[in-house]
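Undergrad: coords please:
(one chain, ligands or ions: 1)
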Amino acid sequence: MPTYDFTCRSCQARFEDWVRKPEDRPPCPACGATSVEREMSVPTVHSSTTRARSMRAARRRDDRQQHENMKARLEYEANHD
Ligand SMILES: [Zn+2]
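TA: Numbers count the residues shown, from 1 in each chain. Now for the predicted structure:
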């Protein structure tokens with residue numbers, strides 16, 4: 001039986017359970033809620049994607065900063081020449 005990680009939407013508890021069908025949602029063992037979310041991610045893939053995404057975000061921030069610096073320099077040169 002395949003087991004999956006679940007997160008309870010009600011109390012945020014994480015637990016592992018096996019399911020018979022992909023659409024099966026076992027009740028949360030902590031609070032009994034049936035609105036649980038199945039974790040789709042494979043840990044290693046997930047962390048590398050997250051890293052790549054945050055690196056892209058950092059690069060976008062740098063681009064914007066560079067753009068601001070360039071704009072400031074052009075304005076400076078326009079006013080001081
Ligand atoms: Zn719960």
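Undergrad: okay, CA-based contacts and neighbour counts for the rest of this
TA: Noted.
Undergrad: poorly predicted segments of this protein, please.
TA: For the chain, the stretches with pLDDT under 70 are 1, 41-52.
Undergrad: please enumerate the helices of it.
TA: 43-79 (DSSP state H).
Undergrad: outline the domain layout of it.
TA: As assigned by automatic domain parsing, the chain contains the domains 3-38, 42-81.
Undergrad: just name the most buried of the ones you listed.
TA: domain 3-38 (a mean of 15; mean count of other Cα atoms under 10 Å).
Undergrad: quickly check: that one near the ion or not.
TA: Yes - Domain 3-38 lies within reach of the ion by Cα under 5 Å from the ion, at 8, 11, 28, 30-31.
Undergrad: among those residues, which are located in strands?
TA: Counted as lying in strands by DSSP state E, out of those, are Cys8.
Undergrad: now the residues of domain 3-38 next to the ion in TSV, with distance to Tyr76?
TA: Formatted as TSV, the residues of domain 3-38 next to the ion follow (distance: Cα to Cα, whole Å):
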residue	distance to Tyr76
Cys8	55
Cys11	55
Cys28	61
Ala30	62
Cys31	62
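Undergrad: between the residues of domain 3-38 next to the ion, which is nearest Met55?
TA: Closest to Met55 out of the residues of domain 3-38 next to the ion is Cys8 (29.9 Å), distances taken as Cα to Cα.
Undergrad: give the bridge partners for the closest one, please.
TA: Bridge pairing for Cys8 (DSSP bridges) gives the partners Val36.
Undergrad: likewise for the one 10 residues further on?
TA: Trp18 forms beta bridges with Thr3, as assigned by DSSP bridges.
Undergrad: surely it meets Arg25?
TA: No - counting by Cα atoms under 8 Å, Trp18 does not reach Arg25; the two are 9.4 Å apart.
Undergrad: now Pro2: closest residue in space that isn't a chain neighbour?
TA: Of all residues not flanking Pro2 in the chain, Trp18 sits nearest, at 5.5 Å (Cα to Cα, 6 or more residues apart in numbering).
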